[in-house]
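Trainee: Output the structure for:
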Amino acid sequence: MKRINIIIMISLLLFAMDCFLSAEKSHAIPAFARRHNLSCSTCHAPIPKLKPYGADFAGDGFMIPEDEKERDYISAGDPLLHLNKTFPIGVRFDAYAMHESGQTVKNDLQSPWGIKLLSGGTLGQQIGYYFYFYMSERGEVAGIEDAYVHFNDVFSAPLDIMVGQFQTSDPLMKRELRLSYEDYMIYKHKTGLSHTNLAYDRGVMLVYGVEQTGTDLVLSFTNGNGKNTADEMTGKFDMDAQKNLGFRVLQGIGETMSIGGFYYHGEEVLDSGEGERSNTVTYWGPDVNVTAGPVELTAQYLQRVDTNPWFASTDQEFKTDGVVVELILAPQKDRSRYYFTALYNSIKQSSDGAIASEALLTDYESATLSATYLVQRNMRLMAEYTRDLENAQNRIIFGLISGF
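Mentor: This is a model prediction of the structure:
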């Protein structure tokens, strides 16, 4: 059996390399690069990870003020009309070949794993938008994920307001911009029957920058129950009357370091058929980011506390301690063609209730090593090894990520 597995893995590797190395170079580039005639490397290093300039571009509502020209828009003589002359659109295509030990299906060709249709640009002076439609995610039509309108420098102050659907964890570490197949697991984690986590949600996010001190403040109000469809009876997206509050503070220290803190609080109510029962969810935790030459280190600790995540007749508190540590090495900084990522995830749960069983506690711990090679600015190859430390299992990934 070991010989068969080795043969299968070699076949998978040859298949992946054949697909990757025979791919023709595309002259098409993603929407923003096309719009401003800039290389993808202006904002990304590598795709989809943002450089500081790319983060500033997104923070300005996807506008480059010095490159905004009247000829790029249609106003029809109406000063209140500001339409893009061309509709900006891009595509992201991800494909993977996987080997995973300890599973019934050990080898899998995930091609395509995901296809995104993206668009973003300006709606008016200091107003931008961004959305993407997942045409296929793991073989299913996932629909809209990120989708928001961005008001930049509201009241001529360093205040940005985003309205729509986004990830509550975006002010921390952006899941969509990671270089690894392995995710930032604590952000997706849900306890018991709770609908709340730090992934996609609908709401409003306010970002205020204090230039004098290099401090960023982020405040969010969200439904707190993800991006589920509206209720058939009520037509409402939210499942209860409560709204969830998130607050983030980030302090820059010199040019190479930042420290931050995060707090999130919400309540969810569930009608169990025996009356309404509620669960209060609270997150808190610090984080740090250090960039030293070709090395970038980000570390995040989050504790989640649920007062009654199983919506039982008696409250039972569950605590979840989450850790994410990511180290990225870019030997030639933003001009590198090789990138190396080390990622550590940990989720540990405990309960103060005597009735809790081990089956109710969900722990996770993994260590990941990932390598990326930039074929061209809008296409990269990756190879990744993840060790599931909790279950003593291995996963090997070969992937292609491209944008056009």
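Trainee: Okay, now the unreliable bits of the chain?
Mentor: 1-45, 47, 50-72, 272-273, 353-359 (pLDDT under 70).
Trainee: try 80 this time
Mentor: Across the chain, the ranges flagged by pLDDT under 80 are 1-77, 79, 82-87, 136, 271-275, 352-361.
Trainee: quick one: what helix or strand has the residue nearest to residue 151 when sequence neighbours are not counted in it?
Mentor: Counting by C-beta to C-beta, 6 or more residues apart in numbering, residue 151 lies nearest to residue 161, which is 4.5 Å off, once chain neighbours are set aside. Any C-beta I mention is one placed from the backbone N, CA and C, and that applies to glycine too. Assigned by DSSP states H and E, residue 161 belongs to strand 159-167.
Trainee: Can you list the strands that that strand pairs with?
Mentor: Sheet pairing of strand 159-167 (DSSP bridges) gives strand 143-151 (antiparallel), strand 200-210 (antiparallel).
Trainee: who are the neighbours in contact with the nearest residue to residue 257 once chain neighbours are set aside?
Mentor: Nearest non-adjacent residue to residue 257, counting by C-beta to C-beta, 6+ apart: residue 290, 5.0 Å away. With contact set as C-beta atoms under 8 Å, 6 or more residues apart in numbering, residue 290 has these partners: 256, 257, 296, 297.
Trainee: can you tell me how far the second one sits from residue 310?
Mentor: Between residue 257 and residue 310 the distance, using C-beta to C-beta, to the nearest Å, works out to 41 Å.
Trainee: which of those two has more neighbours?
Mentor: residue 310 (22 against 14; other C-beta atoms under 10 Å).
Trainee: my read: that one touches residue 192, true?
Mentor: Yes: under the criterion of C-beta atoms under 8 Å, residue 310 makes contact with residue 192 at 4.4 Å.
Trainee: what is in contact with these two at once?
Mentor: By C-beta under 8 Å, 6+ apart, the residues touching both residue 310 and residue 192 are residue 360.
Trainee: ranges for the strands of the stretch 251-400 of the chain?
Mentor: Taking DSSP state E, counting those that start in this stretch, the strands of the stretch 251-400 of the chain run over residues 257-271, 276-292, 295-306, 318-329, 338-351, 364-376, 379-388, 393-403.
Trainee: Buried residues, the second one. List them.
Mentor: Taking 16 or more other C-beta atoms under 10 Å as the basis for neighbour counts, the residues of strand 276-292 that come out buried are 277, 279, 280, 281, 283, 285, 287, 289, 291.
Trainee: Am I right that residue 186 falls within a helix?
Mentor: Yes: under DSSP: H, G, I helix; E, B strand; the rest coil, residue 186 falls within a helix.
Trainee: State the distance from it to residue 267.
Mentor: 20 Å.
Trainee: Counting neighbours, go ahead and name the busier of those two.
Mentor: residue 186 (27 against 17).
Trainee: distance of the more buried one from residue 197?
Mentor: 9 Å.
Trainee: Check residue 320 too.
Mentor: Applying C-beta to C-beta to residue 320 and residue 197 gives a distance of 10 Å.
Trainee: Then residue 267?
Mentor: 15 Å.
Trainee: try residue 340
Mentor: 29 Å.
Trainee: Please say which of those two ends up with more neighbours.
Mentor: residue 197 (22 against 17).
Trainee: Might you report the residue contacts of the more buried one?
Mentor: Residue 197 sits in contact with 168, 187, 188, 189, 190, 226, where contact means C-beta under 8 Å, 6+ apart.
Trainee: can you rerun that using 7 Å?
Mentor: 187, 188, 189, 190 (C-beta atoms under 7 Å, 6 or more residues apart in numbering).
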